[in-house]
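S.K.: with the sequence up front, the predicted model follows.
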Amino acid sequence: MANAMLHQTVGTFQLLGNSGTRCEIRNNSVKLIPRGFEVEVGLSKRKIYSSREWKLGVIRASASQTSVVDPVLAPSNNGTRESPTKSNEAALILIRHGESLWNEKNLFTGCVDVPLTKKGVEEAIEAGRRISNIPVDMIYTSALIRAQMTAMLAMTQHRRKKVPIIMHNESEQAKAWSQIYSEETIKQSIPVIAAWQLNERMYGELQGLNKQETAERFGKEKVHEWRRSYDIPPSNGESLEMCAQRAVAYFRDNIEPQLQSGKSVMIAAHGNSLRSIIMYLDKLTSQEVISLELSTGIPMLYIFKEDNFIRRGSPVAPTETGVYAYTRGLARYRQKLDEMLH
Ligand SMILES: O=C(O)[C@@H](CO)OP(=O)(O)O
């Protein structure tokens, strides 16, 4: 097993097990390896889970050490990622944060940075349970703690057990100080990108006021107009249209390219920033979006395929077969998790 350049395919590897058979790798694929064998590649040993998944697996070498590509995410023959299918299909999960301390007190929150309640923590964990078999390669959150807590708590339930890691790109130093120096560790992590553009809409002078008291003072209709009209902003705040301008632009410029490259994405954000993104995904009119209400902590699944967003509703539970029947890619991903974890 010679040292080789990063990502160079190596020629032979040792099968440990009953027979101690040696095997050749042909055309970047490892074929017909019996279940239960361990592959020794450089310094690392990996168990073979099934011969089928290893047909797609390639063995890669780094300057000092050879490692095995994660079979769940191994590149397929056409060079795209396998998550969740070979045909550039990707999952998109949207989650509105769990209940916050100001949701509980019925206060206008907007861009005030308020954490989750205990109920919100539980909602986030339950959301995570529901999406625990759906691939997540990248996570986007707003810059606000309630969305970040939701994403992190949800990921504690994910069966793939990758580690979500917040990217610190706010300065060159922050970037340099948070570098990871192991390719293998990077592969076992999920980048989390916090973007202010996904924040809740800025509620201006309503922030911190009680919703009920404000309705009594200004009249129900006026407050409903501030809360749910498309283009009427509250005093010194953003309308949904203004919120959509920054949130949808961020989605199109930063998140859509990830989906196009086959990466599955989770977005943890807010009632109004997500309403504006859903308006874009579902092509809702400004009239239709008015009646769109999102509950806290309920994940919504979309499949991105051939430049279209296909709404799949909300996964009910990890065992719910219907959700996995949505695409063959999702079913296959789940099956691989079952095989890896069994
Ligand atoms: O207070 C807020 O920031 C939002 C979300 O909780 O309220 P609304 O329901 O009016 O969109």
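M.R.: Looks like it arrived, so ask away.

S.K.: and the residue most central in space within the chain, helix, strand or coil?
M.R.: The centroid of the chain falls nearest to Met266 when counting by CA atoms, centre = their mean (2.5 Å). Assigned by DSSP: H, G, I helix; E, B strand; the rest coil, the conformation of Met266 is strand.

S.K.: correct me, but it touches Ala127?
M.R.: No - Met266 is beyond contact range of Ala127, at 9.8 Å (criterion: CB atoms under 8 Å). Using the backbone N, CA and C atoms, a C-beta is placed for each residue, glycine as well.

S.K.: joint contacts of the two?
M.R.: 95, 154 (CB atoms under 8 Å, 6 or more residues apart in numbering).

S.K.: follow-up on the earlier one: how much space separates the residue nearest to the centre of the chain from Gly120?
M.R.: Distance, Met266 to Gly120, by CB to CB, to the nearest Å: 17 Å.

S.K.: closest point of the stretch 1-150 of the chain to the ligand, which residue?
M.R.: For the stretch 1-150 of the chain, the residue closest to the ligand is Thr109, as judged by CB to the nearest ligand atom, at 3.6 Å.

S.K.: what sits against the nearest residue to that residue once chain neighbours are set aside?
M.R.: Distances taken as CB to CB, 6 or more residues apart in numbering place Trp102 nearest to Thr109, at 4.4 Å, with adjacent residues excluded. Trp102 makes contact with 108-109, 112, 114 under the criterion CB under 8 Å, 6+ apart.

S.K.: confirm Trp102 sits in a strand?
M.R.: No - counting by three-state DSSP, Trp102 falls outside a strand, being helix.

S.K.: would you mind giving the domain segments of this structure?
M.R.: Using automatic domain parsing, the domain parsing of the chain gives 8-68, 90-330.

S.K.: pipe the ones you listed into JSON lines and attach mean pLDDT per row.
M.R.: Output for the domains of the chain, formatted as JSON lines (pLDDT from 0 to 100):
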{"stretch": "domain 8-68", "mean pLDDT": "38"}
{"stretch": "domain 90-330", "mean pLDDT": "95"}
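
S.K.: how is the spatially closest residue to Met266 that is not a sequence neighbour assigned, secondary-structure-wise?
M.R.: Distances taken as CB to CB, 6+ apart put Ile93 closest to Met266, at 4.3 Å, once the chain neighbours are dropped. The three-state assignment at Ile93 reads strand, by three-state DSSP.

S.K.: these two touch, right, Ile93 and Ile267?
M.R.: Yes - counting by CB under 8 Å, Ile267 is a contact partner of Ile93 at 7.1 Å.

S.K.: looking at the domains of the chain, which is closest to Glu339?
M.R.: domain 8-68 (4.6 Å; CB to CB).

S.K.: quick one: name the residues of the protein near the ligand.
M.R.: 103, 108-110, 200, 203, 227, 271-272 (CB under 6 Å from any ligand atom).

S.K.: got a winner among those for most neighbours?
M.R.: Glu200 (29 neighbours; other CB atoms under 10 Å).

S.K.: can you point out the helix or strand that includes Leu301?
M.R.: strand 299-305 (DSSP states H and E).

S.K.: next secondary structure after that strand?
M.R.: On the C-terminal side of strand 299-305, the nearest following helix or strand under DSSP H and E is strand 308-313.
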